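A.B. asks: the following block contains a protein sequence and its predicted model.
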Amino acid sequence: MTDSKYFTTTKKGEVFELKTELQSDKKEKKKEAVKKVIASMTVGKDVSALFPDVLNCIQTDNLELKKLVYLYLMNYAKSQPDMAIMAVNTFVRDCEDSNPLIRALAVRTMGCIRVDKIIDYLCQPLRNCLKDEDPYVRKTAAVCVAKLHDINAQLVEDQGFLDQLRDLLSDSNPMVVANAVAAISEILETSPTAQQVLEMNSSTINKLLTALNECTEWGQVFILDAISNYTPKDDKEAQSICERVTPRLAHANAAVVLSAVKVVMKFMEMLEANSEYISTLVKKLAPPLVTLLSAEPEIQYVALRNINLVVQKRPEILKNEMKVFFVKYNDPIYVKLEKLDIMIRLTSQANIAQVLAELKEYATEVDVDFVRKSVRAIGRCAIKVEPAAERCVSTLLDLIQTKVNYVVQEAIVVIKDIFRKYPNKYESIIATLCENLDTLDEPEARASMIWIIGEYAERIDNADELLESFLEGFQDENTQVQLQLLTAIVKLFLKRPTDTQDLVQQVLSLATQDSDNPDLRDRGYIYWRLLSTDPAAAKEVVLAEKPLISEETDLIEPTLLDELICNISSLASVYHKPPNAFVEGSKSSLRKILPPRSQSGNVGDDQPSPPAEAPSAPAATVIPGVDSLIGDLLDMDLGGPSMQQQQMYPPQPTSQTPVQGGGGMDLLGEGLDSLLGGPAPSGDSLGGLGDIFGMPTAQSYVPPQEVWLPASKGKGLEVTGTFSRKQGNVIMELTFANKAMQPMTGFAIQFNKNSFGLMPASPINIPSALLPNQSTSYSLQLSTMGAVQRMDPLANLQVAIKNNIDVFYFSCLVPMHALFVEDGEMEKRVFLATWKDIPAQNEVQHEICNVQHNADTISQKLKNNNVFTIAKRNVEGQDMLYQSLKLTNGIWVLAELKIQPNNPNFMLSLKARAMDVYQGIQQAFDNILHN
């Protein structure tokens, strides 16, 4: 008879009856009673009242009964901690039982009982079980260490369990090794401090690879994941690991296959790009990935999401496997859409004919979403494979002739992109598109059609009539359509001004006066201003030649792709998002990155040694000696950025012209409501549109450039510079002047650790040699993700500049206002609460002398530099400005500025929890207000 009978009872007074049965002398009756208790617990009944009676049953030789009691204990120990401690003696005794199953059961249960009082009693039994002669007990104890670490990490580290866990990696039993690896991985995810004890090295990896062949499939997954987190010391070790991992690609379990793919993809980065071994690995990777597509639909989907990443990173792996991704009639929609995406990525001139034939077939399917994506795919093929563009356009026209509404609309959307990619080539089909104008009801299709009419207005005789038909229901249109219609009519007016004046006047009036949408209104004002002041300029702006659209607009950004490759076979690779985007509460925020490519020997061996004369060069008086620069400032390659630097600096566009000024504007011109009973400070009276009407744009204060490295100390290289804040970034504005007799090349820059973690966001890139008596300016964007160390003074930045002549050191002071961030505006209530919360002794006052401004201009000047006025009030004739700002490291500073009439001296009061920043902030206020 099955155990289902325990779930069917409906007796009243059941707890009392169970209590009686649990106290019975008969073993069978006791066991039956415990089974009933577990059944009640399973269906959600509260049987915690029976805790003492169930606990009495723990003293038994019957393994089945003991398991049931332990199960009950795990569930109710947290609600009855004082009672649970009574079971400790039994646990300790069971941990020394002759039966290994009971020893393992006891240590597993103790690990699952999350009661602080029991933890201290768990240490000795756990220590014994980690050295137990039976591998089953050892593997259970290994997992128990991870559970105990989750409850009390400090205790695990103090008691030396991490060392014991590391020793288990050398265990003779592969399952013990696998569980130890699983426990270590879990501990490392939550505790970066454990990294030193549990760090993997070559010998450990060898042991893991040896155990790999004998583990169960899930053990293999844990080991492969651990290996993927290891960085080999050179390309030979990476190749050796790949050779020992590739047999796992033939495993029947999809998780093992994907984990092996992850290891191979990651370590391929370290191997010589065009080597024979890379070609061998590419051939070996294709069959297992293809095999995954014959599994169940759910596994297929996960495999396809991972394959999508692999194809973006290394398209050569599956370039000959196009047919595998052709859609089957019985594939679920989510599999179909993924296959379609990969088909486009693999499309080339060699296979475009069969791809187009497939896509045309898909466009006649019944599934609307799939048909839409298929039509879009045809357009993407046209953009990607230029020789096939004509065939793609012809296919799209055939689909338009079907007159199926959603097919026509999707076709028009992609034809707009084809026009952008191949201007003046396929415009003959516009007449066919215009025939379908009345059937368009989706915003994207309507917007695309309007764009086509506006762009080619000179070729469409009745363009004004067509656009006017859209204008009739302007207010009811989607924003996307309204914006496109506004631009299209302005284009039409610039091409045919004589007969479209009324039309442009009508659309500008609708956009600026009758619309609530700020984007539409602003664009309307800009066009109106352009057309009324300088039609020639308007023509240059609106009818400017458009850049061609790229082949692949949906590729994942390279640094994110590298991170996702490191997370293959995890949720991150399915979501195509980094783990920290969807895992909340993760204590470890370490990003995984692909290892740098090794040339030969050790990864770090190819770095140049520091020049011999560097230490004897005359040192600047303001900077400490070379040996006190923490971090290797000399570790820079003269031939350009090293792979390590490329990993550290994600690729970003750099420019030798200064970055355009940013700074947010209050487009609505509305300040905050009154705080503390006073009116809010007034904003821009033109609602932020001053720049349109010829007024100067708000600029943040940029200090004048200073000489940081004189030519006498730079062997002919003079470096002058300053700092600014533009578009939300700290910018180091540098000017290099060559006052030597030889050209200078190979510039590189590195910072020492500093108070705000400043580091270059990308390597310095001066494309041509700096010739004698020439100078060049460079805007270097800085990141705040570098190493942090408190400097004295706080804003001191120590810099090393390297070129083909030598390495030079200097230090400079970063003006504090460049570190004020754009989201430093506090809410009124938060400001008040924070001001009260910061102790009075933290408040300091500073007099700012000889300022020739009133409260409104001061407020605007400070706002341009990310010091935000929260409120303004007038007390006994003097203006009081209450302000907030936030530094790049998250420190908030509150300020009160007292301004007396006819008195050029202002009193600034600052309040913050970190008082070290006061001096720099007072200096920033001084500089901004005197500028």
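C.D. replies: Noted; the coordinates are in hand.

A.B. asks: give me the neighbour count for residue 313.
C.D. replies: By other CB atoms under 10 Å, the residues close to residue 313 number 19. (Each C-beta comes from the backbone N, C-alpha and C, glycine too.)

A.B. asks: name the nearest residue to it, ignoring sequence neighbours.
C.D. replies: In this structure, residue 313 finds its nearest non-sequential neighbour in residue 565, 5.6 Å apart by CB to CB, 6 or more residues apart in numbering.

A.B. asks: now do the contacts for that neighbour.
C.D. replies: Going by CB atoms under 8 Å, 6 or more residues apart in numbering, residue 565 touches 262, 265-266, 309-310, 313, 594.

A.B. asks: repeat that for residue 412.
C.D. replies: Shown in contact with residue 412 (CB under 8 Å, 6+ apart): 400, 433, 436, 440, 445, 448-449, 452.

A.B. asks: turn those into a markdown table, including distance to residue 228 and secondary structure.
C.D. replies: Output for those, formatted as a markdown table (distance: CB to CB, whole Å; DSSP: H, G, I helix; E, B strand; the rest coil):
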| residue | distance to residue 228 | secondary structure |
| --- | --- | --- |
| 400 | 49 | helix |
| 433 | 51 | helix |
| 436 | 52 | coil |
| 440 | 50 | coil |
| 445 | 45 | helix |
| 448 | 44 | helix |
| 449 | 49 | helix |
| 452 | 49 | helix |
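
A.B. asks: adding distance to residue 148, neighbour count and pLDDT as columns, could you present those residues in TSV?
C.D. replies: Listed next are the contacts of residue 412 as TSV, based on distance: CB to CB, whole Å; neighbours: other CB atoms under 10 Å; pLDDT from 0 to 100:
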residue	distance to residue 148	neighbour count	pLDDT
400	67	22	88
433	69	21	84
436	68	18	82
440	64	21	85
445	60	22	90
448	61	26	92
449	65	26	91
452	67	23	90
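
A.B. asks: can you read off the pLDDT for the residue nearest to residue 313?
C.D. replies: For residue 565, the model assigns a pLDDT of 90.

A.B. asks: and what of the one 4 residues further on?
C.D. replies: The predicted structure scores residue 569 at 90 on the pLDDT scale.

A.B. asks: related to what we said a few turns ago, what's the closest of the contacts of residue 565 to residue 503?
C.D. replies: residue 309 (49.0 Å; CB to CB).

A.B. asks: what about the residue nearest to the closest one when sequence neighbours are not counted, how many residues nearby?
C.D. replies: Leaving aside its chain neighbours, residue 309 sits nearest to residue 564 (5.3 Å; criterion: CB to CB, 6+ apart). The number of residues packed near residue 564 is 26, by other CB under 10 Å.

A.B. asks: now do the one 5 residues further on
C.D. replies: Using other CB under 10 Å, the number of residues around residue 569 comes to 24.

A.B. asks: now for residue 317: which residues touch it?
C.D. replies: By CB under 8 Å, 6+ apart, the contact set of residue 317 is 282, 285-286, 289, 310-311.

A.B. asks: ok, the residues you listed vs residue 229, which is closest?
C.D. replies: Closest to residue 229, out of all of these and judged by CB to CB, is residue 310, at 19.0 Å.

A.B. asks: that closest one: helix or strand, and which one exactly?
C.D. replies: In the assignment (DSSP states H and E), residue 310 maps to helix 297-313.
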